[in-house]
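[1] have a look; sequence and predicted model below, questions after that.
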Amino acid sequence: MNNAQVRYEFMKYYVAKEYAGYGCHADDFLSNDNKVVLANESDEDFYGMMCFKNAVLVKAKKEVFEWSKRFVSQHVGFRCFDFQQVAALYQELLRHGYSMQGGQGLLPDMTQGRRVAPETGFHMRVFQPGETMQIYNHLDKDDWHMTHPSDETALTIAAFEGDRIVGLCDADSDTDTLWSVGVEVLPAYRCNGIAAALTAEMTNLLLGRRVIPFATGAWSNNASRTTLYKCGYYPAWSGLGSCDSEWALNMLNDSVSSRA
């Protein structure tokens, strides 16, 4: 598959996942016209907006439906993610008791060959699905901030210093052919190439199995994006969604308290 085909597979995946039953199609992302659909009352999402290429596809509850149509009609698709537009969207969501969360998705550049993992001096081991509990039952959870999958489907590569795990790269299946990838390295061991080495090895492993890896993260996480760029990934889509504003504030307060 080439890059356009891989990206189109993801467009189809996200339409099926987030916009099922709304008359949407992957080609909506390739259109020159933004599209807003009215979310069902039973839909868990109050608001969602995604852009893969030209146009944005928006799902909005009735309270913000008309506002959303006016909002996207004033901007070229990707410009809806500019700071001024995001600020306006945040204020509108806040009026209805919602905050905002979002980020960027990255896909592997299929024109590149096998990724070259940097030499780190740390031993790496692959844990197949069904073996991951060997890792996670022995991790000190206070040292790790990511939620690492520990089920029977997860694939993990761990970096060791002696018997101690200092880095983890997980991959878990969203579909049979689309797997999400995440990496974390303990703070004292960062800037040693471990994250790039783990990500490169995981990417090679998945592509060798004819599985498409992808990664998501916050726009502000430059370290994560830099690692993914080194491993041959490129920005493929942007997305914004809503979350309860009280929940978001509590999460922020808990995060601040834990670092005090």
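    Cool, got the structure.

[2] hey, where'd the helices end up in the stretch 51-200 of the chain?
    Taking DSSP state H, counting those that start in this stretch, the helices of the stretch 51-200 of the chain run over residues 62-73, 83-95, 133-136, 194-208.

[3] hey, least reliable of those by pLDDT?
    Among the helices of the stretch 51-200 of the chain, helix 133-136 carries the lowest mean pLDDT, at a mean of 74.

[4] hang on, the earlier thing: out of the helices of the stretch 51-200 of the chain, deepest packed?
    helix 194-208 (a mean of 22; mean count of other CB atoms under 10 Å). To be clear about C-beta, it is placed using only N, CA and C from the backbone, and glycine gets the same treatment.

[5] residue ranges in this protein under the pLDDT threshold?
    Residues of the chain meeting the criterion pLDDT under 70: 137-138, 141, 146-153, 248, 251-260.

[6] please tell me how far the most centrally placed residue in it sits from residue 118.
    Closest to where the C-alpha atoms of the chain average out (CA atoms, centre = their mean) is residue 216, at 1.9 Å. Shown here: residue 216 relative to residue 118, a distance of 23 Å by CB to CB, to the nearest Å.

[7] again with residue 129
    26 Å.

[8] one more: residue 101?
    Separation of residue 101 from residue 118 (CB to CB): 32 Å.

[9] one more: residue 182?
    19 Å.

[10] helix, strand or coil for the residue nearest to residue 190 when sequence neighbours are not counted?
    The shortest distance from residue 190 to any non-neighbouring residue, by CB to CB, 6 or more residues apart in numbering, is to residue 223 (7.9 Å). Secondary structure, DSSP: H, G, I helix; E, B strand; the rest coil: residue 223 is helix.

[11] can you list the helices of the stretch 51-200 of the chain in CSV and add distance to residue 235?
    Output for the helices of the stretch 51-200 of the chain, formatted as CSV (distance: least, CB to CB, whole Å):
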stretch, distance to residue 235
helix 62-73, 21
helix 83-95, 16
helix 133-136, 30
helix 194-208, 16
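
[12] run through the bridge partners of residue 179.
    In this entry, residue 179 is beta-bridged to residue 173, residue 213, by DSSP bridges.

[13] tell me, how many residues neighbour it?
    22 (other CB atoms under 10 Å).

[14] how far away is it from residue 197?
    According to CB to CB, residue 179 and residue 197 sit 19 Å apart.

[15] what's the domain layout of the chain?
    Using automatic domain parsing, the domains assigned to the chain come out as 3-104+237-259, 123-231.
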